[in-house]
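> Pasted the sequence and its predicted model underneath.
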Amino acid sequence: MTTFQQIFNTEPQVQASAPGRVNLLGEHTDYNDGFVLPTAIPQQTTVYLGLSPDEQHHIYSQELDKQISLLPTDDAPEDFASYIVGCIRVLEQQGTAVPPLNIYVTSAVPMGSGLSSSAALEVAVLRGLRSLLSLDLDDVRIAQLGQQAERQYAGVQCGIMDQMASSLADAEHLLFLDTRTLERALLPLPEGAEIVVMDSGIPRTLAGSGYNQRRAECEEAAQELGVKALRDVTDLDAIAPLAEPLQQRARHVITENGRVLQAKQGVSAQKFGELMNASHASLRDDYEVSVEGLDQLVDILQASPGVFGARLTGAGFGGACVALVKAGEGVAIAKSALERYRQTGHQGSVLVP
């Protein structure tokens, strides 16, 4: 593994990390001002920072083995560095002077799997800049700046969930978040349960997928219903006037918010699993963001002994699945499910545990 010192011929001045996240309930609700229930995963993104010896930012990705250099006034690049440069630019927009930097990134968070590798990168970069420049930024502000960076410089009109989860969640609790008010609470996992996360092996990209289209459809539905956001609609009868697919999209958001609020009250692992299964069906049928491979993996998990429930996680169109399983059985369940999934012609992998 190539180190910061080998790339830049000097030692880093600070390092900072942030985790990826998996969302158990509350998919595609965050940009509708709704409710979400993510948790952090063990995998982290780590950023090492130091001052550049010249007038340029120098950015290196260990996983991609790629380095770019650019002046602070250059346009943001289109690749992984867009997230990093975006974080620098949003700090500059609020009046922070950011000197030219050497930035080294290494990450165990899988890219393109729906586990928020981009949010982990943004939060890690902003934490590093907070440390290096002694900035007065709390963890909520870090998340908000990361969201701005992704929306302005990576072109993804994301909600706040991913960055809040990466900045505030841990791997031992669920983070309940009201994405409108940012009211939040750390909640225990259902008793007797643990989490399994599996990658379907089907890559997905957010900006190039139907993500922004779904967001636009939800905004159109809210406008037709005369509300600020679909979070403000709780009665399914109210969406009857909407034409398809807007009615389908609204139905998913309304029922998904209901599932999160039900889980927040504290339910058994069995009931939580039923809510996850219903969430996947809604994402597949009403929101239309699943794909065949994801459905196959979810079906295998849902039919496995010891599994309470399973669903796609992330934006969909490929990526990862999450299952709630009996505590202590996650490794065996994931291994067995992966063997059966590979018989369908897909590769896939186990991410957690």
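Ah, there it is. Numbers count the residues shown, from 1 in each chain.
> The residue lying closest to Asp139 once chain neighbours are set aside: how many residues sit nearby?
In space, and not counting its chain neighbours, Asp139 is closest to Ser167: 4.6 Å by Cβ to Cβ, 6 or more residues apart in numbering. Heads up, the C-betas are built off the backbone N, CA and C, glycines and all. Per other Cβ atoms under 10 Å, the neighbour tally for Ser167 reads 29.
> and Ser167, what pLDDT?
Listed pLDDT for Ser167 reads 97.
> Quick one: classify it as helix, strand or coil.
helix (DSSP: H, G, I helix; E, B strand; the rest coil).
> From what I see, it and Ser17 are in contact.
No. The criterion here is Cβ atoms under 8 Å, and Ser167 misses it with Ser17 at 11.6 Å.
> Pull the residues that contact the helix or strand that contains Gln213.
Element membership for Gln213, per DSSP states H and E: helix 211-225. The contact list for helix 211-225 (Cβ atoms under 8 Å, 6 or more residues apart in numbering) reads 28, 31-32, 156-157, 228-230, 232-233, 238-239, 241-242, 245-247, 249-250, 253, 287, 289, 315, 317.
> about what we covered before: dump the residue contacts of the residue nearest to Asp139.
Ser167 neighbours (Cβ under 8 Å, 6+ apart): 18, 123, 139-140, 142-143, 146.
> any idea how far it is from Arg249?
28 Å (Cβ to Cβ, to the nearest Å).
> Strands of the stretch 151-300 of the chain, start to end?
173-178, 184-188, 193-199 (DSSP state E, counting those that start in this stretch).
> list the buried ones in stretch 256-273?
Buried residues in stretch 256-273, counted by 16 or more other Cβ atoms under 10 Å: 256-261, 263-264, 269, 272-273.
> Ok, stretch 234-253 next?
In stretch 234-253, residues buried by neighbour count (16+ other Cβ under 10 Å) are 239, 242, 246-253.
> Return the closest of those with respect to Gln93.
Val253 (30.8 Å; Cβ to Cβ).
> okay but that closest one is in contact with Tyr31, surely?
No. Contact criterion Cβ under 8 Å: Val253 and Tyr31 do not qualify, at 9.6 Å.
> quick one on the thing from earlier: in helices, which of the contacts of helix 211-225 appear?
246-247, 249-250, 253 (DSSP state H).
> mind checking how far stretch 50-70 is from the chain centre?
Relative to its chain's centre, stretch 50-70 lies at 25 Å (Cα atoms, centre = their mean, to the nearest Å).
> How many residues are close by Asp65?
Asp65, neighbours per other Cβ under 10 Å, totals 8.
> So it is in contact with Thr2, correct?
Yes. Between Asp65 and Thr2 there is a contact under Cβ under 8 Å: 7.3 Å.
> rewinding a little: take the helix holding Gln213, keep the C-alpha atoms, and write them as CSV.
Extracted C-alpha coordinates of helix 211-225, given in CSV (Å, rounded to 0.1, in the frame of the first residue of the first chain):
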residue,chain,number,x,y,z
TYR,A,211,-32.3,9.1,-8.5
ASN,A,212,-32.8,12.7,-9.6
GLN,A,213,-35.8,11.7,-11.7
ARG,A,214,-37.5,10.1,-8.6
ARG,A,215,-36.8,13.3,-6.7
ALA,A,216,-38.4,15.4,-9.4
GLU,A,217,-41.4,13.1,-9.4
CYS,A,218,-41.9,13.5,-5.7
GLU,A,219,-41.6,17.3,-5.9
GLU,A,220,-44.2,17.3,-8.7
ALA,A,221,-46.5,15.1,-6.6
ALA,A,222,-46.1,17.4,-3.6
GLN,A,223,-46.8,20.5,-5.7
GLU,A,224,-50.0,18.9,-7.2
LEU,A,225,-51.1,18.0,-3.6
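> Buried residues, it. List them.
Those would be 211-212, 214-215, 217-219, 221-222, 225, for helix 211-225 by 16+ other Cβ under 10 Å.
> send the alpha carbons of the top strand by length along the chain over as CSV?
Longest strand in the chain, counting residues (DSSP state E): strand 35-51. The C-alpha trace of strand 35-51 is given here as CSV (Å, rounded to 0.1, in the frame of the first residue of the first chain):
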residue,chain,number,x,y,z
PHE,A,35,-38.0,10.0,8.5
VAL,A,36,-35.0,7.6,8.3
LEU,A,37,-33.4,4.9,10.4
PRO,A,38,-29.8,4.3,9.3
THR,A,39,-26.8,2.9,11.2
ALA,A,40,-23.0,3.2,10.6
ILE,A,41,-21.1,0.2,9.3
PRO,A,42,-17.7,-0.8,10.5
GLN,A,43,-16.0,0.2,7.2
GLN,A,44,-14.4,3.7,7.3
THR,A,45,-12.9,6.2,4.9
THR,A,46,-9.7,7.8,6.1
VAL,A,47,-8.2,11.1,4.9
TYR,A,48,-4.7,12.4,5.6
LEU,A,49,-4.1,16.1,5.1
GLY,A,50,-1.1,18.4,4.9
LEU,A,51,-0.1,21.7,3.4
